[in-house]
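Colleague: Show me how the following folds:
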Amino acid sequence: MTKEIIISGFGGQGIVSSGIILAHGGLIENKHVTFFPSYGAEMRGGTANCSVVISAEPVASPIVASPDVVIIMNEPSLTRFEPTVKTGGMLFFNKTLIKSKPKRTDITVIPVEANALAEELGQGRVANMIMLGAMAKKTGMLSLKTLQKAQRKRYTKASDEQLTLNDKALEKGYGLL
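Modeller: Below you'll find the predicted structure:
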């Protein structure tokens, strides 16, 4: 089983952190992983995306051209990455911030009110965790417990309160589907 994932949005939306969490999750489950970030010139507020490959076999390249799964957090990323999803793949998009609808009919499109749900939890910046939870449930790629462990590896200096909120956001996303 090899899954190729692209996560994309604005800098500051936790795009790169999401990719790192997925990579840590793959390692926790004894899988082979690659992680490849890409930033726009501005960092926070600029474009950011990353590629993650999680596989039972060694991974030859971190470059993802035709992903199985795409997580889209903003409108420009939908335009850029919707055409790249493999036929039969999945596209998760942040319906709170993206007003247009994906046009492809040969992929599974999963709208998630990520920012709205994050605000309900009290902190808009956990929208990325909601998306990761939803993706994990729908794809079966990683377990919820694995993601919860992986986010602790990523956020080693976070408060217990923040880590608990992240867990709740992952659970919220996981429970949607």
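Colleague: Could you use CA atoms for every contact and neighbour count after this?
Modeller: OK.
Colleague: Not counting its neighbours along the chain, what's nearest residue 55?
Modeller: residue 2 (4.1 Å; CA to CA, 6 or more residues apart in numbering).
Colleague: can you check residue 108 too?
Modeller: The shortest distance from residue 108 to any non-neighbouring residue, by CA to CA, 6+ apart, is to residue 90 (4.7 Å).
Colleague: distance of that neighbour from residue 98?
Modeller: 17 Å (CA to CA, to the nearest Å).
Colleague: of those two, who's got more company?
Modeller: The residue with more neighbours, out of residue 90 and residue 98, is residue 90; 23 against 18, by other CA atoms under 10 Å.
Colleague: Confirm for me that the more buried one is in contact with residue 110.
Modeller: Yes. Counting by CA atoms under 8 Å, residue 110 is a contact partner of residue 90 at 7.3 Å.
Colleague: for this protein, what's the longest helix?
Modeller: helix 160-176 (DSSP state H).
Colleague: List the buried residues of that helix.
Modeller: Neighbour-count burial for helix 160-176 flags 163, 165-174 (criterion: 16 or more other CA atoms under 10 Å).
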